[in-house]
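> Here is the input, now give the coordinates:
(chains A, B, C and D)
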There are 2 protein chains.
Amino acid sequence: MNTEDLRVKRTDQRLREAFIQLITDQGYDKVTVRDIINQAGVGNKTFYRHYEGKEALLNAILQDLIHDLRKTLDYSFKDNPPLQNLTNSLKFTQANSTLFIALAQSPAADELLKPMLQAAIEEGHLFVREMDVPKDLVAYHFASSIDALIKWWLKNDMPYSIEEMVDYINKLILNPISTLND
Amino acid sequence: MNTEDLRVKRTDQRLREAFIQLITDQGYDKVTVRDIINQAGVGNKTFYRHYEGKEALLNAILQDLIHDLRKTLDYSFKDNPPLQNLTNSLKFTQANSTLFIALAQSPAADELLKPMLQAAIEEGHLFVREMDVPKDLVAYHFASSIDALIKWWLKNDMPYSIEEMVDYINKLILNPISTLND
DNA sequence: TTATTTACGACACACAGTGTAGCAAAACTG
DNA sequence: CAGTTTTGCTACACTGTGTGTCGTAAATAA
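Next up, the predicted model:
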């Protein structure tokens, strides 16, 4: 199938937008292929010419988003200040919040930020701190807890600014020492 | 339907065991009602006499487990040492690991430990520490990150003892000060 | 033990969602 | 404009869900 053909591009765009819209409205599980083709105004067979099923469509959307995120974060920038990549992650999340909220309630929920954070931590791009705890456990913990806070932020309609969130994440997870009162 | 009737009890038990077995083998999503009734050796209609669907069956299993967990933790025991409830949670998790692993890959994944931890934290039964961070965010953070570490522990076949895990959780999340090297 | 209740298995069936196939019409490319 | 490719339409096979009926077997109650 020729991806240069305008018809192909149009159909693909329609399918993606319809899918995101439907996930946002009804949740991933309740969306059927028939829903998607109706919302997109596209024939049954046409859908299956483009994707094997709704999971494949989800994956295509996810891969594109991962690609954009990687470009934004730019891992090769090792000389970034430690919290810069975190700030950039939050900016990207906010800019694509509709998509993130939709994906958060799909099987792709843990395939976006978490693996990227974990990789960043393991490669030492985000921060490093030695602890008397097994290394894989450390990396997993920081990645999943940052991911959880960002998801909380999204789910609660981003009640705090990016700067505030970075500050909170820093205090709760990365460097909790200075926040103790006793 | 009389839950005292031996036939009812037997069928119910068969359905539960078949379901857990199937989730463990194939994952929640792939299990069908037909699978369950075949594995349990029970008629089609019989299943629906007991439960509205597989989700209702899952929920019944979950509710029973929550009940047992609550009994084990015994929130009224406010004078417990701070880490005692955490240790008890891990013990309970280990004792019911097969069930926990099955539930972890179902819609009930976040309905067991996480809410209980969050409640315990908000009520101050687990630990208290004042931070310059919004309270709801604090409670959510501690609950979800402890939950994540316990899930990691289960998923990796419990490679550390309960005592070690309590120690790691304490160092990573609850009281990270003493673990700093600098 | 006997009578009564009721849970059970088997089977048939309606319904919804998935995915495939063939063909004619429409849209795009060059 | 001519040739090619995508698309819409419709029909259909298949899987899974949930309901209805009915004769049978098992449990409870007396």
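> Which of the helices and strands in chain A ranks last by mean pLDDT?
helix A:113-122 (a mean of 90; mean pLDDT, DSSP states H and E).
> ok, the spatially closest residue to A:Ile23 that is not a sequence neighbour - contacts?
Distances taken as C-beta to C-beta, 6 or more residues apart in numbering or on different chains place A:Ala102 nearest to A:Ile23, at 4.2 Å, with adjacent residues excluded. In short, each C-beta sits where N, CA and C put it, glycine included. Contact partners of A:Ala102, counting by C-beta atoms under 8 Å, 6 or more residues apart in numbering or on different chains, are A:20, A:23-24, A:28.
> in stretch A:2-21, what's buried?
Using 16 or more other C-beta atoms under 10 Å in any protein chain shown as the test for burial, stretch A:2-21 gives A:11-12, A:14-16, A:18-21.
> starting at the chain centroid, how far to that stretch?
The chain centroid and the centroid of stretch A:2-21 are separated by 21 Å under C-alpha atoms, centre = their mean, to the nearest Å.
> And for stretch A:57-65?
Offset of stretch A:57-65 from its chain centre (C-alpha atoms, centre = their mean): 10 Å.
> cool, stretch A:50-70 as well?
The gap between where stretch A:50-70 is centred and where its chain is centred comes out at 12 Å by C-alpha atoms, centre = their mean.
> now the residue nearest to A:Arg49 when sequence neighbours are not counted: how far from A:Thr11?
Using C-beta to C-beta, 6+ apart and skipping residues adjacent in sequence, the residue nearest A:Arg49 is A:Met1, 6.8 Å away. Counting by C-beta to C-beta, to the nearest Å, the separation of A:Met1 from A:Thr11 is 10 Å.
> next one: phi and psi at the spatially most central residue of chain A?
Residue closest to the average C-alpha location in chain A (C-alpha atoms, centre = their mean): A:Leu112, at 4.0 Å. A:Leu112 adopts backbone torsions of phi -110, psi -80, taken as degrees, to the nearest 10.
> just the strands in chain A please.
Taking DSSP state E as the criterion, chain A contains no strands.
> any weak-confidence spans in it?
A:75-79, A:82, A:126-129, A:177-182 (pLDDT under 70).
> where does it come near DNA strand C, residue by residue?
By C-beta under 7 Å from any atom of the strand, the residues of chain A that approach DNA strand C are A:4-7, A:10, A:32-34, A:44-45, A:48, A:52-54.
> Tell me which of these fall in helices.
Under the assignment DSSP state H, the residues of chain A next to DNA strand C contribute A:6-7, A:10, A:33-34, A:44-45, A:48, A:54 to helices.
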